[in-house]
Structures are given as structure tokens and as C-alpha cells.
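>>> Below: sequence and its predicted model.
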Amino acid sequence: MKNVKVENINIKRVTNGKVTETSDLVAVEEPMEILLTYSTASGYMQKNIAVIMRTPGNDIELAAGFLFTEGIIQSKEAIEEIKHVATDDNRVMVILKENVIPVLNNAERNFYSTSSCGICGKSSIDVIRTTSLYQNEPVVISVYASSLYQLQDMLISQQETFNNTGGIHASALFSTDGELIMLREDVGRHNALDKLIGVCLINKNLPLSNHILLLSGRASFELIQKASMAGIQLVAAVGAPSSLAVEVARETGITLIGFLRNERFNIYTGEQRIIL
């Protein structure tokens, strides 16, 4: 099942009371375990960090992005190697460089995260919030409102798995003039964003202060916090933001846009970056 994102299953379709046998494509959801190996005073330690329900594919990016946006590691330079465990495609080993100490109090989880939840397993509200390395970055982004109007259509046109199944989320990076740079899909909205940030971390493209982040669904607290960790200054969502997402966006200086559809949107924070 490695990197298989969709599965064809037999179904019964009911239309106006009539039943027909047919097939349908559904998005694949499987568990992925993240293992962390790091040095201690008494030797190397291996720890289970999380089990994430995700769509297979881009697993290395997901592991890197998860560790970074959760504040467990600070940069690409902390990583010696990331690889699948040879005997299991659903286990990823992250090996840190010698003397790099992971911030594991930021990962106080029950070691399980569903595809729909970013912070479900955290054991204390005190460890929910993470602090971005880029929180004091200068404001560099400004965007014409007209550049935002076509983002949703461009996203949908490039969402291969969504177009096949209708059941998957996406996070996408755009330039300030509306050019699509990169997107990632996953059954979990948090995973899609971690994959996107993970590949930028691996390629040393952080911070993403001069980009637009588009979310295919609603804007939750966790997604805004992850965006902040990557230095993103403008987040647009097709759906609604939550009250805590608005609060975190305001605290971290992020411009937050919701209900971006066709030629309309709501500005919740940071309106000074939008040129009307």
C-alpha cells in the first residue's frame, strides 16, 4: 500500500429508490508512527512520538513538518536522517544529529493523533501553544485583493486526489501575485499543512513570510499556529475560522482571511496587508 492514496471499492448506489451496483474511489487512511532517535548522556534513546492517521505519500515531509510545527525540533540542521523503517512502510524514523536535544515537553501526547485533529492527545493545555522562531520577522507581504479571487479554483484544479474522491483536504502555497507554488493533500487538514511545511523545511525554504497559504477547509487554531511556526504572514481559508484561530492570528501578526470564494472573502485580522 506504499504511497497508494486512493482505493477502489464496490458499493451500492441508491438513486430515487433504485439500487445499482458500482464502484467508487475513496481516499486511503492509514496509521503512520513517528519514531525519534536522539543522543543522551547515557547513549542513544529511541522514542515513539506519535501515531498519525494520514493518507500515505510524502511521509518524510509529514514527519519533518510535524516535528517542526510542534516545536520538537528547531530547524533542518537538527536532522541527521529521516527514513522509513525497512520492514514497515507505515513507520518513519527520524534520527537527530549528535547532541541535538528534542523539546519533548512540546509532545506530551497520548501518542495518537487522528487525521482530523492536531492537538487531540496533548496532555496539558500548557503545552498547546508553541512559539515561532520567526515571530519577530519584519512584515514583508502585501497582496492585491484581485490576486486572491482565483486561488480556490486553482487549488481545486490541482487537487488530484480530491477530484477522484471528494474526501481529502489540501494546503497550498501561492506567490503574492497568485501563482501556485506547491500543494499537499491528506485526509487530515493538519497533515496536509505539515507535509507542506515539511518539504519547505527539508529544502531550507523557511520562513515562508512572502507567500500566501490557502487552506481548503476551515481555519482552526492548530492550523494558524502551524502557519506561524513557518513564518507565514497571510493565511486564506475557503471555510470559516474559529474564534481561537482569530485570536492566535492577531497575537502572531498573521493576516487571516476566511470564506474565500470567487470574488468575495472576509478579513478577520491584518487588513493592512490587503490592497483593495
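Sure thing, it's come through. Numbers count the residues shown, from 1 in each chain.
>>> Quick one: mean pLDDT for stretch 177-185?
For stretch 177-185, the mean per-residue pLDDT is 93.
>>> The chain should start at 2 in everything you say after this.
Sounds good: first residue 2 from here, last item stretch 178-186.
>>> and residue 220, how many neighbours does it have?
Here the number of neighbours of residue 220 (other CB atoms under 10 Å) works out to 29. All C-beta spots, glycine's among them, are computed from the backbone N, C-alpha and C.
>>> Residue 10 pairs with what?
For residue 10, the beta-bridge partners are residue 25 (DSSP bridges).
>>> Got the phi and psi for the nearest residue to residue 143 once chain neighbours are set aside?
Leaving aside its chain neighbours, residue 143 sits nearest to residue 274 (5.2 Å; criterion: CB to CB, 6 or more residues apart in numbering). As for residue 274, its main-chain torsions (degrees, to the nearest 10) stand at phi -90, psi -10.
>>> Neighbours of residue 274, how many?
Residues near residue 274, counting by other CB under 10 Å: 19.
>>> same check, this time on residue 137
What residue 137 shows, counting by other CB under 10 Å, is a neighbour count of 7.
>>> how about it, secondary structure?
Secondary structure assignment for residue 137 (DSSP: H, G, I helix; E, B strand; the rest coil): coil.
>>> How much space separates it from residue 254?
9 Å (CB to CB, to the nearest Å).
>>> where do the strands sit along the stretch 102-251 of the chain?
Secondary structure of the stretch 102-251 of the chain by DSSP state E, counting those that start in this stretch: the strands cover 144-145, 170-175, 181-187, 213-216, 235-238.
>>> helices or strands next to the shortest one in the packing?
Spelled out, that is strand 144-145. Judged by 3 or more CB pairs under 8 Å, 6 or more residues apart in numbering; DSSP states H and E, strand 144-145 is in contact with strand 275-276.
>>> Can you give the contact residues for the strand it packs on?
Strand 275-276 has contacts (CB atoms under 8 Å, 6 or more residues apart in numbering) with 143-146, 149, 256, 258, 268.
>>> at 7 Å instead, please
143-146, 256, 268 (CB atoms under 7 Å, 6 or more residues apart in numbering).
>>> Show me the residue at the heart of the protein, geometrically.
residue 194 (1.4 Å; CA atoms, centre = their mean).
>>> bridging residues for the residue nearest to that one when sequence neighbours are not counted?
Nearest residue to residue 194 in three dimensions, chain neighbours excluded: residue 172, at 4.3 Å (CB to CB, 6+ apart). Here residue 172 shows beta-bridge partners residue 185, residue 216, assigned using DSSP bridges.
>>> quick one: residue 146 from residue 210, how far?
20 Å.
>>> Also residue 97?
26 Å.
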